[in-house]
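Trainee: Take this sequence and fold it.
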Amino acid sequence: MSVPNAIYLDCPNCDEHAVHEVLKGKLGKKQEVMEATVKCQECGHVYVTVVREPEHIKVPIIVSEMRDSKKEHIELVAGDMVSVNDEVYLGDSHLLITAIECDGRRVEHCAVEEVDTLWAKKFDKVIVKISVNKHSRTLAAQVEALPEEEFFVGDLMTVGRDNVVIHNIRSKEGTVRRGGVPARDIVRIYTKAVRTTNS
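Mentor: Prediction:
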């Protein structure tokens, strides 16, 4: 542990879990404890606190990429909760937690100390499902996108050999008829084929 410039803490003045600037800090003999004078960036409150280095626990994680799966270990902070659909990093890999086993059964969330195994999938790219309406037929298609890439109602895009326009997007929250949705939150994009004329 070294003295950081800023840390996240629960401020006793405004009750926010906020960034605190470390004005001065002193490490204990074992380097696991720091006595620090900190300033809350939310309310400006300055106070002295003792910060302990959080304990890290190695948790087994099964990572899926396409049809391949491999078992790894990920370090998580003791005392934290882990939930299905949490995004985590293992080395340079961006992962999405898809399942949690705790006390021999599948759960939606669990304390890190009680996790038996996590399942996750590589989240560097996501598959976005698309319905293409061509006159009386509807075709199914899909594209790969980055999780944060946004798709907007009214956008033109090319799907296979068709030029299409997005007329609505079904997201995890409901149907979107205007604006954009990041790929990670899209259930399906609905499009209509459009004719392009060569001038």
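
Trainee: For this structure, which residue occupies the most central location?
Mentor: What sits nearest the mean C-alpha location of the chain, by Cα atoms, centre = their mean, is Glu87, with 3.4 Å.

Trainee: tell me which element the closest residue to Ile127 other than its chain neighbours falls in.
Mentor: In space, Ile127 comes closest to Gln142 once its chain neighbours are excluded; the distance is 5.2 Å by Cβ to Cβ, 6 or more residues apart in numbering. The C-beta positions use only the backbone N, C-alpha and C, and glycine is treated the same way. Using DSSP states H and E, Gln142 sits in strand 137-145.

Trainee: From Asp124, how far out is the residue nearest to the residue nearest to the centre of the chain when sequence neighbours are not counted?
Mentor: Computed as Cβ to Cβ, 6+ apart, the closest residue to Glu87 that is not its neighbour in sequence is Leu96, at 5.8 Å. Relative to Asp124, Leu96 is positioned 10 Å away (Cβ to Cβ, to the nearest Å).

Trainee: who has more neighbours, those two?
Mentor: Between Leu96 and Asp124, counted using other Cβ atoms under 10 Å, Leu96 has the larger neighbour count: 18 against 13.

Trainee: Could I get the buried residue list for stretch 3-13?
Mentor: Residues of stretch 3-13 classed as buried under the neighbour-count rule (16 or more other Cβ atoms under 10 Å) are Ile7, Leu9, Cys11.
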